[in-house]
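S.K.: Okay, structure incoming, though there's no sequence with it:
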């Protein structure tokens, strides 16, 4: 599988990344370990997790379990050098981590050590800020987003505090690179600019939602990504499962995300089913599996992407991996753009 540069970090990651947010909850440890092995065999060298995982649902008693599952694999496999591990410190976490406290420089120093213990490793390859502390428009908060209460001076002080902590941790050999998640174009540019002004670590990546159904990244964030060399780690490239077609016509498979969370994080609406059907019909017309089409589309974008996908079971993972070599013809890409104009912002 093709490798791409992770920002200016000097690290090269596969253009697909195995997401692990179900590990230790919907996905038992044995199957999770099987998925990591399968991904490595397919040429994927990149795993993404977070201190608050698993999700669906997030519970205080399971916080950190996904990292522990990965750590057990690291310990048992002896293959740590074959994989790059990304994890995250929690920002707005609903009270599940540290009683709801987000992060600053002091918290990050402690959280990194805790993640290292759970992951059973000496270094985290990519450490990400899971939500900006000043707020975010991601996860359907864009409809009534109001940044007017932000304090720029306080934000800058916070950013510098975090960057200095990350600098210390990188010098100590505990982190190799740092990144963002659920960030805006202004926030991303500020992080990069402050790092350059003060000689501090530069953000290598931004993990935001991006799929055929969620294309907010295509404008200002895309421009930021290209000009500042900040690689997109796109999460939910299958539209949280909608693009598989499994939720069409009122279907709710047992054990699926929708069976646990009917609103799908605010994604469920009549508009999303109509948009999804248009993409399913397109795939059928061209003899494509819709999962393979959605994943292949990610590599057609004019900015660098490592697409983070998850699979509840190793059978689902095998199906996704079967499409790793799919390349979309120009005709399909053009029709995708037409559908996007007909069904913009379905959630």
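M.R.: Cool, the structure landed. Because the structure is predicted, anything quoted here is derived from the model rather than measured. Numbering: from 1, shown residues only.

S.K.: So which residues of the stretch 101-250 of the chain form strands?
M.R.: 126-130, 178-181, 203-209, 231-235 (DSSP state E, counting those that start in this stretch).

S.K.: Now do the buried residues in the helix or strand just after the last one.
M.R.: Toward the C-terminal end, the helix or strand that comes next after strand 231-235 (DSSP states H and E) is helix 257-260. Taking 16 or more other C-beta atoms under 10 Å as the basis for neighbour counts, the residues of helix 257-260 that come out buried are 257, 258. No exception for glycine: its C-beta is placed from N, CA and C like everyone else's.

S.K.: circling back to that earlier point, between the strands of the stretch 101-250 of the chain, which gets nearest to residue 67?
M.R.: strand 126-130 (12.2 Å; C-beta to C-beta).

S.K.: surely residue 182 meets residue 141?
M.R.: No - counting by C-beta atoms under 8 Å, residue 182 stays clear of residue 141, with 9.5 Å between them.

S.K.: who's more crowded, those two?
M.R.: Applying other C-beta atoms under 10 Å to residue 182 and residue 141 shows that residue 182 carries more neighbours, namely 24 against 13.

S.K.: Now for residue 10, how many residues are close by?
M.R.: Other residues close to residue 10 by other C-beta under 10 Å number 10.

S.K.: what's the spacing between it and residue 138?
M.R.: Distance, residue 10 to residue 138, by C-beta to C-beta, to the nearest Å: 28 Å.

S.K.: could you list every residue that touches the residue nearest to residue 33 when sequence neighbours are not counted?
M.R.: Spatial nearest neighbour of residue 33, chain neighbours left out: residue 73 (4.7 Å); criterion: C-beta to C-beta, 6 or more residues apart in numbering. Contacts of residue 73 were listed using C-beta atoms under 8 Å, 6 or more residues apart in numbering, and they are 32, 33, 36.

S.K.: again with residue 259
M.R.: Residues counted as contacts of residue 259 (C-beta under 8 Å, 6+ apart) are 252, 253.

S.K.: in this structure, which helix has the most residues?
M.R.: Longest helix in the chain, counting residues (DSSP state H): helix 152-171.

S.K.: quick one: residue 4 is in a helix?
M.R.: No - counting by DSSP: H, G, I helix; E, B strand; the rest coil, residue 4 is not found in a helix; it is strand.
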